[in-house]
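**Q** Requesting a structural model of the entry that follows:
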Amino acid sequence: MSKSLLAASLLGASVTLLSGCTTSCPVYESPISESDAAHAEAAHHAYTDVINANDLEAFLAMTTEDVVFLPPHGPRIVGQQSLREWATPYLEAYTVNWDKRVLEFTMLSPNHAFEQYSYVENDTAKDGSHTLEDTGKGVILWERGDDNVWRVARDIWCTDLPPQ
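**A** Here you go, the predicted model:
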């Protein structure tokens, strides 16, 4: 491909990407059954339940092996072992309570879904000394495994609170 043709192609792709869509932009056009959508959305509630159960093993079971977490004010966490190392001391120190509300839930394909959520967090120190309170928003990429179970593949969230 000539340099001018390549440049024109890249320019066209860039304009398309940057212009956005004035109507919905379907990512996956094949029909998705209501059953698939219902199972994916039910995964949101199961995920919130295992977070609030303070059960590390159940929490990890709700994630893919190559899960990526992008928490606020912290490094990128990649893989279940790294997630275990990050979550263990926190769950030992706090009783976790998150109220996560779905703002948007979109099936991207039969095996992938996108969720945008808001949260209210009230985590109580197990020694009773204090409570951590936070509000914010986040995005989850869900992936359905070969076993037909929906799991968190990516979770990124950010606080509404100002930096301290």
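
**Q** which residues does the closest residue to residue 157 other than its chain neighbours form a beta bridge with?
**A** The shortest distance from residue 157 to any non-neighbouring residue, by C-beta to C-beta, 6 or more residues apart in numbering, is to residue 138 (3.1 Å). Backbone N, C-alpha and C define where each C-beta goes, glycine included. Here residue 138 shows beta-bridge partners residue 117, residue 157, assigned using DSSP bridges.

**Q** who are the neighbours in contact with residue 138?
**A** Residue 138 makes contact with 100, 116-119, 155-158, according to C-beta atoms under 8 Å, 6 or more residues apart in numbering.

**Q** Give me the residue at the spatial middle of the protein.
**A** When C-alpha atoms, centre = their mean is applied to the chain, the residue found nearest the centroid is residue 140 (1.8 Å).

**Q** Report the buried residues of the helix or strand where residue 83 lies.
**A** Following DSSP states H and E, one finds residue 83 within helix 80-93. The neighbour-count check on helix 80-93 (16 or more other C-beta atoms under 10 Å) flags 80, 83-84, 87, 91 as buried.

**Q** what does it rub up against?
**A** 54, 56, 59-60, 63-65, 67, 69, 71, 74, 77, 96, 125-126.

**Q** switch the cut-off to 7 Å
**A** Helix 80-93 has contacts (C-beta atoms under 7 Å, 6 or more residues apart in numbering) with 54, 56, 59-60, 63, 65, 67, 69, 77, 125-126.

**Q** which parts of stretch 58-77 are buried?
**A** By neighbour count with 16+ other C-beta under 10 Å, stretch 58-77 contains the buried residues 59-60, 62-64, 67-70, 77.

**Q** hey, C-alpha coordinates of that stretch in CSV?
**A** Extracted C-alpha coordinates of stretch 58-77, given in CSV (Å, rounded to 0.1, in the frame of the first residue of the first chain):
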residue,chain,number,x,y,z
ALA,A,58,-16.1,-16.5,46.1
PHE,A,59,-14.9,-13.1,45.0
LEU,A,60,-12.0,-14.5,43.0
ALA,A,61,-14.3,-17.1,41.5
MET,A,62,-16.3,-14.3,40.0
THR,A,63,-13.2,-13.1,38.0
THR,A,64,-11.4,-14.4,35.0
GLU,A,65,-7.9,-15.8,35.4
ASP,A,66,-6.5,-12.8,33.5
VAL,A,67,-8.7,-10.2,35.4
VAL,A,68,-7.5,-6.6,35.4
PHE,A,69,-8.5,-4.2,38.2
LEU,A,70,-7.7,-0.5,37.9
PRO,A,71,-8.5,0.9,41.4
PRO,A,72,-8.3,4.6,42.3
HIS,A,73,-5.0,5.8,43.7
GLY,A,74,-3.3,2.5,43.1
PRO,A,75,-1.4,0.4,40.6
ARG,A,76,-2.9,-1.8,37.9
ILE,A,77,-3.7,-5.3,39.3
